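J.: take a look and give me a structure for this.
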Amino acid sequence: MTDAIVVDLTGRRIRVGLDVGGTKIDAVAVAPSGEILARHRRQTGWGDDAVVDSVSSAVIDLSAEAGLSLGDIDSVGIGIPGLVDAVSGRVLHAVNLGVESLDLADRVAVRLGATVRVENDVKAAALGAASLRAIDGSMAYLNLGTGVAAGIVVDGAIWRGARGTAGEVGHLSVDPSGRLCGCGQRGCIETFCGGGALAKAWGRPGTHPVRDILDAADDGDALAVALRADLFHGAAAAVRALVLSADVERVIIGGGLTALGARLDAGVRDALRTGAEASAFMRSLHLDERIELLPLGSPAAAVGAALVGATTPLKEIVTHG
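T.: This is a model prediction of the structure:
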């Protein structure tokens, strides 16, 4: 299915959204007609000043590619890892960016002269995924990457919970005797299906360790077979936790591990079906039918950031395909 993005921006100016990762920034400019005018990628800087510079430069370069001036931009939304105070636009503990405490919204707004809002990257991606898939009710976005994180969207708005951690299933312990997690617990979901934890358990050189694990498992390598089972078991556990705790209608899976494509999709569905065999209640939930992988290269995170940045909510981003 191909994403075709239609955004209700009638009467508004350009919205820009940026997905800021540990190594790259993915930025999109969305026109009043709903067309994505330009998409720009660049490296992310390290440290407070470099992050501000790289974010600001991404917007400037994106504008130039789209034939726009900065004055055409109505708002800028930034999705970024770490703890984010969405009200003040301050980012805390973004360790992969060398940021401890940064007033990102204020500093970028001064550079660009535009309204700037900041949100946690996974929550922004959840909003973008819900919009791209035209999900009106409730959904969860499960990010399977180096780590595991999730966000929940209800009726087009991010559901944060009492303290902003609604949907964060990565550090839910499902095996108290399992592998030690970076958070200090044992057997967290992230230790089963996080790319970093799997690479550490694999312990062999390679550029794409999780892909290497699946390839070696296909060849019968015993350790790889066990780790492949962990991957699917952990992802299935995350889906179950999200549906059982929040009763979301859909769980959309994104993140770097979606590059595994059909092998990840089939493995998670099989694990969900197998886990439900002994329970009529679990079978009644049809969990294997309620998951969906984002297409590789989807602009969901950047589009979600554009939604976050909008001065008034964007109501429609739909998919035709």
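J.: which residues does the spatially most central residue of the chain contact?
T.: Computing the C-alpha centroid of the chain and ranking residues by Cα atoms, centre = their mean puts Val122 first, at 3.8 Å. For Val122, the contacting residues are 79, 81, 141, 143, 149-151, by Cβ atoms under 8 Å, 6 or more residues apart in numbering. Just so you know, the C-beta spots here come from the backbone N, C-alpha and C atoms, and that holds for glycine as well.
J.: can you tell me the element the closest residue to it other than its chain neighbours falls in?
T.: Closest residue to Val122 apart from its sequence neighbours, by Cβ to Cβ, 6 or more residues apart in numbering: Ala149 at 4.4 Å. Using DSSP states H and E, Ala149 sits within strand 148-154.
J.: adjacent strands (with direction) for the very next helix or strand once past that strand?
T.: As assigned by DSSP H and E, the chain's next helix or strand after strand 148-154 is strand 157-159. When pairs are called by DSSP bridges, strand 157-159 turns out to pair with strand 148-154 (antiparallel).
J.: all strands for the stretch 1-150 of the chain, in order.
T.: For the stretch 1-150 of the chain, applying DSSP state E, counting those that start in this stretch gives strands covering 6-7, 14-20, 24-30, 36-43, 73-80, 83-85, 90-94, 99-103, 115-120, 138-144, 148-154.
J.: comparing these, which yields the minimum mean pLDDT?
T.: Lowest mean pLDDT within the strands of the stretch 1-150 of the chain: strand 6-7, at a mean of 39.
J.: does Glu65 touch His40 like I think?
T.: Yes - counting by Cβ atoms under 8 Å, His40 is a contact partner of Glu65 at 5.9 Å.
J.: those two: which has the busier surroundings?
T.: When neighbours are counted by other Cβ atoms under 10 Å, Glu65 and His40 differ, and His40 comes out ahead with 22 against 14.
J.: wait, Gly234 sits on Gly187?
T.: No - between Gly234 and Gly187 there is no contact under Cβ under 8 Å: 9.7 Å.
J.: out of these two, which sits in the busier spot?
T.: Gly234 (29 against 18).
J.: which helix or strand contains that one?
T.: Here Gly234 is assigned to helix 222-246, by DSSP H and E.
J.: buried set for that helix?
T.: 224-225, 227-228, 230-243, 246 (16 or more other Cβ atoms under 10 Å).
J.: return the residues in contact with the closest residue to Ile80 other than its chain neighbours.
T.: The shortest distance from Ile80 to any non-neighbouring residue, by Cβ to Cβ, 6+ apart, is to Val20 (4.3 Å). Residues near Val20 by Cβ under 8 Å, 6+ apart: 44, 51, 55, 78-81, 97, 121.
J.: next: Ile80.
T.: Ile80 neighbours (Cβ under 8 Å, 6+ apart): 20, 91, 94, 97, 104, 118-121.
J.: what is it paired to in the beta sheet?
T.: Residues in beta-bridge contact with Ile80 (DSSP bridges): Asn120.
J.: and it, how far is that from Gly297?
T.: 20 Å (Cβ to Cβ, to the nearest Å).
J.: picking up where we left off before, verify the contact between the residue nearest to Val122 and Gly170 for me.
T.: Yes - Ala149 is within contact range of Gly170, at 5.3 Å (criterion: Cβ under 8 Å).
J.: who does Leu293 form a beta bridge with?
T.: Ile253.
J.: report how many residues lie close to it.
T.: Leu293: 20 neighbours (other Cβ under 10 Å).
J.: my read: it touches Asp265, true?
T.: Yes - contact between Leu293 and Asp265 holds when scored by Cβ under 8 Å: they sit 5.2 Å apart.
J.: please enumerate the shared neighbours of those two.
T.: Common contact partners of Leu293 and Asp265 (Cβ under 8 Å, 6+ apart): none.
J.: from the contacts of Val20, which is closest to Gly255?
T.: For these, the residue nearest Gly255 by Cβ to Cβ is Asp121; the value is 10.4 Å.
J.: so what pLDDT did the closest one get?
T.: Asp121 is given a pLDDT of 96.
J.: what's the closest non-adjacent residue to it?
T.: Closest to Asp121 by Cβ to Cβ, 6+ apart is Gly79, at 4.1 Å.
J.: look up how far Thr274 lies from that neighbour.
T.: 34 Å.
J.: what does His171 give?
T.: 24 Å.
J.: okay, those two: which has more neighbours?
T.: Remark: of His171 and Thr274, His171 carries more neighbours, 18 against 13, as counted by other Cβ under 10 Å.
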